[in-house]
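> The following block contains a protein sequence and its predicted model.
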Number of protein chains: 2
Amino acid sequence: MGHELKLVTLLLFLSLLSVPSAEAAILYHKWEVKYEYKSPDCYQKLVITINGQTPGPTIEAQQGDTIVVELKNSLRGTPWFDGVAGVTQCPIVPGDTFVYKFVVDRPGTYLYHAHYGLQRANGLFGMIQVSLPPGVSEPYTYDDEKSIILTDWYHKSTFEQATGLLSIPFGWVGEPHSLLIQGKGSFNCSTPGIAAGLCNATNPECSPYVMTVVPGKTYKLRIGSLTSLEALSFEIEGHNMTVVEADGSNVEPFVVKNLFIYSGETYSVFIKADQAPTRNYWIVSKVVARNSTTPNGLAIFNYHPNNPTTTPPMVPPVCPAWNDVEPRLAQSQATKARQGYITPPPEKSDRVIVLLNTQNKINGYTRWSVNNVSFNLPNTPYLIAVKEKLHHVFNQSPPPNGYDHRHYDIFNPPTNPNATTSTSIYKLQFDSTVDIVIQNANALPANDSETHPWRLHGHDFWVMGYGKGKFNIHKNPKKYNLVDPILKNTVSVQPYGWTALRFRANNPGVWYFHCHIEYHLFLGMGVVFEEGVEKLGKLPPSIFGCGDAKVSP
Amino acid sequence: MGHELKLVTLLLFLSLLSVPSAEAAILYHKWEVKYEYKSPDCYQKLVITINGQTPGPTIEAQQGDTIVVELKNSLRGTPWFDGVAGVTQCPIVPGDTFVYKFVVDRPGTYLYHAHYGLQRANGLFGMIQVSLPPGVSEPYTYDDEKSIILTDWYHKSTFEQATGLLSIPFGWVGEPHSLLIQGKGSFNCSTPGIAAGLCNATNPECSPYVMTVVPGKTYKLRIGSLTSLEALSFEIEGHNMTVVEADGSNVEPFVVKNLFIYSGETYSVFIKADQAPTRNYWIVSKVVARNSTTPNGLAIFNYHPNNPTTTPPMVPPVCPAWNDVEPRLAQSQATKARQGYITPPPEKSDRVIVLLNTQNKINGYTRWSVNNVSFNLPNTPYLIAVKEKLHHVFNQSPPPNGYDHRHYDIFNPPTNPNATTSTSIYKLQFDSTVDIVIQNANALPANDSETHPWRLHGHDFWVMGYGKGKFNIHKNPKKYNLVDPILKNTVSVQPYGWTALRFRANNPGVWYFHCHIEYHLFLGMGVVFEEGVEKLGKLPPSIFGCGDAKVSP
């Protein structure tokens, strides 16, 4: 089972279980996190950097290595709060240093990012690339490799965004914003009404990102999306891409003209520099699944030795329509485990949990809910509350195992839009096999069902199937892919559709499962699974210090 | 000895010592702290409110009462950090509720405010008014009482301010800003270059504050200053003021036309509505001690039954020149304990500490220093570090007891501008009498010596004397006021001058002593005193949770 490389608080899950193997290396990283003024899309804004960069440094390792990140929170004096309020640890306060130590026990492409509030949206993220150990070969060859991270970028501070989301009337994060490719975008500085002196179209910080390739060579390109909101279509003008990896799993290769990528996902694709080498080409990211006015993100695919800053001669390619679900679903369904690298799923599950995704109101505030419960994290981390038997910390009754399948109309706004809020969690029997069906529905406005990328912490899951309309627990599981399902950690659920996944509850801990859209998670779109916490040893002091997890000696 | 009502973290010192007396009341307050958009000076900005207000609610109590404030930090999801990094407790994290409980053992006027980073500047403050118990009379009579808080107000977020202060080149908080009277000011919305839609001169939130009085009546007006930066002159057009209280102590009354008030100070003054009752009058606050372009703050002194919104017919009064030190010093020297309410100081002190105030550089960054040491708070609160003998938390060697008095030229920029930084603290012998002399000097630019209001936590001190030039330890103490010195908690030090104060180190704890200018404190202008921590019982769990003060059960 793959070790989870997703990040909480300022950074990484503290691995409570992994122990380094004898041969592997220990790789030390020393990071300083602080605020700096940057102009990633020509518009000057406070950004959180790691060692002066955003995206942060890429961590490169070999399978089996131990990565140690000594993270100094130098958001000093600024009233900033850094923490995974409530799941596995208490926050890291400014000035503090936290040491994350974990073994990378699976090769592949992963992302790290802040995991509290809207922090991620402020620039605190990067990529982790894990290669195979010496003597072990990948199932493919290529000439060189590259990587990029795709993001969206907003000019309001995360405080302003959060205040709007928590207000009546609801203050949406708003358009226009920018799409960034490897941290660079281009806002239109002529937009009326922006404050003088903040936007400078000629600032070199917002010159387009350039990826230089040598004609005839084949590249492995690692692509990660850490958008706060947007689902993206990514393409390189005139070049097909062969998908070979998704979320760290080898994929049975398939060719696409454009790659759909959802927040939290990673892919590796092969690109051959096989077009006319006398010119440059556009790299494009485009918003899909939302009717957005945000301009496409643009970067330059530069054929050496052309001038890397020369704008490609053609207009950027026309990307897929934002509301065409079919090709998105087709890509998801095409993403299967590579032959020879299949880990078959258990044939049956011990438990099925159906999670209805709805947009709701609570006391007039807009929220997102799962089975009509909008999630609230407690102040005391669940891990501590469960281990130390602090029953008062969270609601001990289980959350709903499903919804009113017979009567609920997923194609229309909820007849009763009001949801409840809870801190209750799903307790899973240790080592049992669990099926999760994520059922999409209509949001609050009519004719609106959004796309949600759901991420599970602590596990990879098999993607058992996708479907349209209402999931039928009697019929649909019969068509589950038991042959070659891909193992992923993030999966999309399309409008008015469902996605089924399966995992073994064999990683002792407390694990967040949530929509990876920053603003949806912030508004309650998540659940928590607990399994085998009683098997854990003494919890480390470094995760304590908040809520009821304050102890005096 | 007066219980300290200054606030740390989001709010109040947790009283570790006080126990309620049998007769007194217990007053419960339930506060919710959150972000809201407000336009206090017509310019819309995120503000921190308490129960929707800034200034926050006024706490009214009688001497001997116990005040319980149950504070819910609802800065939810916003990456916000709330704490007194390092002195007496760990931060309160969002979502957490912290209960402050303390006995108000002295009557008078006090202020509460956030005490971390630049939080206070964001609106989180209010007033505490403690009256005498039944049967005990004040030494004066009046018809009614009023209160106002004076502040300055900046449009950059505290994050932007902090990033500027910690940058090379130094990013000063900048002009123009606004002066607010009881939370209301008036920015010039025609200022070029401001973003569209943010400034609205007709927003009712920024209509001038109105204080309505009845002709012929005498008012006790409690005035507090919580400016982030500015020293102020306060006056009411055509009305004299009689000063009767300062920082909670009764003052031998004296009459002023304008009151100089420094950040952190409180005064009570008597004002008689004895002018022509057919019109309204201006209430004015003006920047002194800095050559500022910030317009005066204006409010309306409304004679009932005139229309409260009618602008006074005359131009606002001309306030004192910003750079005239003499009247400021004269007011300070006139502020003495009221006859019949004198607590005489010990005639001699056991120890004298001289604190030279200088502006310096550390690695090219601008800092403020005391005896060439720019203060750095450790992550682990001193109180915990001292009590639990965590010697590694801070530098155990004592900070300098003075400076090179013989050779240091206080009238010129430092010949060597470089300072050092340290976490070391002054350990005071319990129950000893300590003299502190704050010696002002020239800042980094030539011909510039600033005014600093120094505040001591945990104690009131006697103000023994003020002087110009370099303090002479042999001559000046002979002229100390041993007869009727005022007891204060905040005292000003004028340009190129000195101020001497005396206190008894009889309050077990760790106590911050610092310039109350938010930006100076932020840049290192403070020291810490420790006394008698060994006398404290077990520390409460609620103050733990950061740095090395993380404990697992």
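Now that the structure is in, tell me what you want to look at. Residues are numbered from 1 along each chain as shown, chains lettered A, B, ... in the order given.
> For residue A:234, list each beta-bridge partner.
According to DSSP bridges, residue A:259, residue A:285 are recorded as the beta-bridge partners of residue A:234.
> wait, it sits on residue A:259?
Yes: Residue A:234 sits in contact with residue A:259 when judged by CB atoms under 8 Å, with a separation of 4.7 Å. All C-beta spots, glycine's among them, are computed from the backbone N, C-alpha and C.
> which residues are in contact with both of these two?
Overlap between the contact sets of residue A:234 and residue A:259, as judged by CB atoms under 8 Å, 6 or more residues apart in numbering or on different chains, is given by residue A:223.
> Per-residue pLDDT of the one residue sitting closest to the centre of chain A, please?
Closest residue to the average C-alpha location of chain A: residue A:264 at 1.8 Å, with CA atoms, centre = their mean. On pLDDT, residue A:264 comes in at 95.
> Assign it to helix, strand or coil.
Judged by DSSP: H, G, I helix; E, B strand; the rest coil, the three-state class of residue A:264 is coil.
> just residue A:385 next, same as before
Going by three-state DSSP, the secondary structure assigned to residue A:385 is helix.
> any idea how far it is from residue A:424?
Using CB to CB, to the nearest Å, one obtains 12 Å as the distance from residue A:385 to residue A:424.
> Give me the more crowded residue out of those two.
For the pair residue A:385 and residue A:424, the greater number of neighbours falls to residue A:385 (25 against 17), based on other CB atoms under 10 Å in any protein chain shown.
> Could you give the number of residues near the closest residue to the more buried one other than its chain neighbours?
With sequence-adjacent residues excluded and distances taken as CB to CB, 6 or more residues apart in numbering or on different chains, residue A:385 is closest to residue A:393, at 3.8 Å. Other residues within reach of residue A:393 by the criterion other CB under 10 Å amount to 21.
> How about the contacts made by residue A:393?
Residue A:393 touches A:378, A:379, A:380, A:382, A:385, A:423, A:547, A:548, counting by CB under 8 Å, 6+ apart.
> In helices, which of those fall?
A:382, A:385 (DSSP state H).
> Let me know the closest of the contacts of residue A:393 to residue B:292.
Checking the contacts of residue A:393 against residue B:292 by CB to CB gives residue A:379 as the nearest, at 42.3 Å.
> Am I right that the closest one is in contact with residue A:546?
Yes: using CB under 8 Å, residue A:379 is in contact with residue A:546, at 5.9 Å.
> Looking at the two, which has the bigger crowd around it?
Of the pair residue A:379 and residue A:546, residue A:546 is the one with more neighbours under other CB under 10 Å, namely 30 against 22.
> Find the closest residue to chain B in the stretch 201-350 of chain A.
Proximity of the stretch 201-350 of chain A to chain B (CB to the nearest CB) peaks at residue A:228, 13.2 Å away.
> Shouldn't that residue be within a strand?
No: when three-state DSSP is applied, residue A:228 is found to be coil, with no strand at that position.
> And it, what's its pLDDT?
The model reports residue A:228 with a pLDDT of 93.
> just residue A:83 next, same as before
The pLDDT attached to residue A:83 in the predicted structure is 30.
> now residue A:537
Note on residue A:537: pLDDT of 89.
> With residue A:8 instead?
With respect to pLDDT, residue A:8 scores 32.
> Format the contacts of residue A:393 as a markdown table; extra columns: pLDDT.
Supplementary listing: the contacts of residue A:393 in a markdown table, determined by pLDDT from 0 to 100:
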| residue | pLDDT |
| --- | --- |
| A:378 | 84 |
| A:379 | 78 |
| A:380 | 85 |
| A:382 | 90 |
| A:385 | 92 |
| A:423 | 93 |
| A:547 | 79 |
| A:548 | 82 |
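> now, which of the contacts of residue A:393 sits nearest chain B?
Distance from chain B was checked for each of the contacts of residue A:393 by CB to the nearest CB. The minimum falls on residue A:379, at 4.4 Å.
> Could I get the phi/psi values of the closest one?
With angles defined as degrees, to the nearest 10, residue A:379 sits at phi -80, psi -30.
> where exactly do the strands run in the stretch 51-200 of chain A?
Counting by DSSP state E, counting those that start in this stretch, the stretch 51-200 of chain A has strands at residues A:59-62, A:66-73, A:97-103, A:108-113, A:125-131, A:144-153, A:178-181.
> so which of those strands gets nearest chain B?
Nearest of the strands of the stretch 51-200 of chain A (CB to the nearest CB): strand A:97-103, 8.3 Å.
> quick one: that closest one to strand A:66-73, angle?
Orientation check (axes from the mean of the first three to the mean of the last three CA atoms, to 10 degrees): strand A:97-103 against strand A:66-73 gives 160 degrees.
> buried sites along strand A:97-103?
For strand A:97-103, burial by neighbour count (16 or more other CB atoms under 10 Å in any protein chain shown) applies to A:98, A:100, A:101, A:102, A:103.
> and those residues as TSV, adding distance to chain B and pLDDT?
As requested, the buried residues of strand A:97-103 are arranged in TSV below (distance: CB to the nearest CB, whole Å; pLDDT from 0 to 100):
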residue	distance to chain B	pLDDT
A:98	10	72
A:100	15	76
A:101	16	79
A:102	20	79
A:103	23	83
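> Throw those residues into CSV and include distance to residue B:123, thanks.
Shown next, in CSV, are the buried residues of strand A:97-103 (distance: CB to CB, whole Å):
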residue, distance to residue B:123
A:98, 31
A:100, 35
A:101, 41
A:102, 41
A:103, 46
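> May I ask which two of those residues are separated the most?
Farthest apart among those - using CB to CB - are A:98 and A:103, which lie 17.7 Å from each other.
> any idea how far residue A:524 is from residue A:409?
According to CB to CB, residue A:409 and residue A:524 sit 22 Å apart.
> An error on my part: the question was meant for residue A:266.
For residue A:266, the distance to residue A:524 under the criterion CB to CB works out to 26 Å.
> next one: phi and psi at residue A:465?
Here residue A:465 shows phi and psi, under degrees, to the nearest 10, equal to phi 170, psi 160.
> ok, now which ones touch it?
Taking CB under 8 Å, 6+ apart as the definition of contact, the neighbours of residue A:465 are A:476, A:477, A:479, A:480, A:481, A:499, A:500.
> rerun at 7 Å
Contact criterion CB atoms under 7 Å, 6 or more residues apart in numbering or on different chains gives A:476, A:479, A:480, A:481, A:500 as the residues in contact with residue A:465.
> Which strand residues bridge it?
Under the criterion used (DSSP bridges), residue A:465 bridges to residue A:500.
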